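S.K.: Sequence plus predicted model, see below.
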Amino acid sequence: MKRYSVLVVTVLLMCMLFGCGKKDSKELTAYKEDMTTFYNKLSYYNSEINTIDPEAEDAPAQLLLIMDQMNEAYKIMAATDVPEEFDSISEISKEAADYMQSANEYYHLAYDGEFSEENEDLARQYYERANSRVQVMLQVLHGEIPEGDNVIVTTQEAGQFSTIGDD
């Protein structure tokens, strides 16, 4: 089993989440709290994964249990209402949850019964995609312009977008 420490970086960056200068709406405050809970869970799951002894007989079962729990955390995160200030990440959160669902399914295919290296590799790829989406979300939550492989940022200048009522 491979050790997953990508989430640790995500959690460390989370600390900057509360650095806005203006008063937050109740919706925004609740969202920040929900995201903090989500990132704390990811940190916990990462720690738990890293404590699994890969030589232990029940290592696959331990990993699958953690992946199931992590998958549930992603589902809850994706179902959370995104406030208008962060509307740009609502689709990314759903993508992250979908990738995590696929990762979880392939980890089960890899470890339930006879080991499948091909399914483990697919699971890892989906897991990495889910984590990359979470990192983009974190960048947006921090007010940063997202960066990374396959990240495309589209901006609009004032007056270059249509509004409701343009007939």
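M.R.: Thanks, I have the structure now.
S.K.: Apart from its neighbours in sequence, what residue is nearest the residue nearest the centre of the chain?
M.R.: Computing the C-alpha centroid of the chain and ranking residues by Cα atoms, centre = their mean puts V134 first, at 3.3 Å. In this structure, V134 finds its nearest non-sequential neighbour in A96, 5.4 Å apart by Cβ to Cβ, 6 or more residues apart in numbering. Any C-beta I mention is one placed from the backbone N, CA and C, and that applies to glycine too.
S.K.: wait, isn't the one you found in contact with A78?
M.R.: Yes. Applying Cβ atoms under 8 Å as the test, A96 and A78 come out as touching, 6.8 Å apart.
S.K.: Identify each buried residue in the helix or strand where E128 lies, please.
M.R.: Using DSSP states H and E, E128 sits in helix 117-141. Across helix 117-141, burial judged by 16 or more other Cβ atoms under 10 Å covers 119-120, 122-124, 126-127, 129-141.
S.K.: one step back: pLDDT value on the residue nearest to the centre of the chain, please?
M.R.: On pLDDT, V134 comes in at 93.
S.K.: Could you tell me how far Q139 is located from N119?
M.R.: 31 Å (Cβ to Cβ, to the nearest Å).
S.K.: And M70, by the same measure?
M.R.: 17 Å.
S.K.: Next: R129.
M.R.: 16 Å.
S.K.: same question, A59
M.R.: From A59 over to N119 the distance is 16 Å, taken as Cβ to Cβ.
S.K.: V136 too?
M.R.: With Cβ to Cβ as the criterion, V136 and N119 are 26 Å apart.
S.K.: go on, V134?
M.R.: 22 Å.
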